[in-house]
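1. quick one, fold the following:
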Amino acid sequence: MTGLGGGTQYWFAVRASDEVPNWSGTSNSPSGTTPGDTTPPSAITDLRVYSIGRTYVVLRWTAPGDDGTAGKARSYDLRYSMVGPITDSNFYGAVRAQTGPPKSSGSIEDTAVTGLRATTRYWFAVRASDEVPNWAGTSNSQGALTLRRSTGPYSEGCFLCGPDLLSDLSTPEGMGQVALITLEFVALAEAFVIAVGLLGRRRRPGGPGPRSGGTGIRGREGSRPR
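-> This is a model prediction of the structure:
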């Protein structure tokens with residue numbers, strides 16, 4: 001018998017008939033429980049920061065399946081913390097963030113965590129579950145530093161940018177932020193050179209003046225007063 005639900009108890013009975021048909025009485029009714037679904041979705045291992053703003057962080061990862069990497073998971077539990085990386089032991093002590101329903105296994109998921117503080121370090125982690133629910137293990141815990149202002153890449157770290165930004169140069173956003181940082185650094189350096197040059201010109205003498213000690217006009221050579 002097929003098509004039964006997992007983890008469910010069933011009772012069975014049977015009757016027989018002849019060609020008339022004359023039906024026999026009902027048999028005994030044994031029962032049995034089908035094995036339950038004990039396979040959770042696979043743990044997410046590629047959680048990463050896709051983009052960063054002043055009060056938000058966009059995260060990206062690959063969707064797992066219902067059983068390991070097969071099928072589609074039922075839900076996500078995304079958490080963030082300001083005290084350090086998130087692991088299995090402290091996962092439920094972190095703040096829960098809203099996420100959409102999972103996509104099919106292998107799809108790319110994007111989720112924006114909003115309402116964050118500016119210039120603050122956060123760590124993120126996510127878990128997936130199936131319909132039972134069987135919960136996957138905690139994903140890798142990705143850190144990010146929110147920006148100081150919404151229109152530029154200023155934050156702490158390598159002069160103008162945060163170290164987590166440079167750790168993900170594989171994304172267009174990461175490369176764009178680094179390009180902006182480079183251009184701003186070059187502009188600052190050129191402005192400094194120009195300012196030093198102008199200051200040097202202002203301090204330079206305006207040109208040679210008359211020699212000191214000369215009070216009269218010399219006559220033509222060879223002429224003498226009578």
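
2. going forward, measure contacts between C-alpha atoms and count neighbours the same way
-> Fine.

3. okay, and the helix or strand of the chain with the least pLDDT?
-> helix 163-166 (a mean of 42; mean pLDDT, DSSP states H and E).

4. so when I look at Thr111, I'm seeing a strand, right?
-> Yes. If the criterion is DSSP: H, G, I helix; E, B strand; the rest coil, then Thr111 is within a strand.

5. how about the helices in the chain?
-> Counting by DSSP state H, the chain has helices at residues 163-166, 172-203.

6. looking at the ones you listed, which has the lowest confidence?
-> Mean pLDDT values for the helices of the chain show the minimum at helix 163-166, a mean of 42.

7. what's the burial count for the nearest residue to Gly143 once chain neighbours are set aside?
-> Nearest-residue entry for Gly143: Trp123, 4.2 Å, with adjacent residues in sequence omitted and distances by C-alpha to C-alpha, 6 or more residues apart in numbering. Per other C-alpha atoms under 10 Å, the neighbour tally for Trp123 reads 19.

8. which stretches of this structure have low pLDDT?
-> 5-7, 35-37, 150-181, 203-226 (pLDDT under 70).

9. contacts for the longest strand seen in it?
-> Taking DSSP state E as the criterion, the chain has its longest strand at strand 121-129. By C-alpha atoms under 8 Å, 6 or more residues apart in numbering, the surrounding residues in contact with strand 121-129 are 40-44, 47, 64, 66, 73-87, 91, 135-146.
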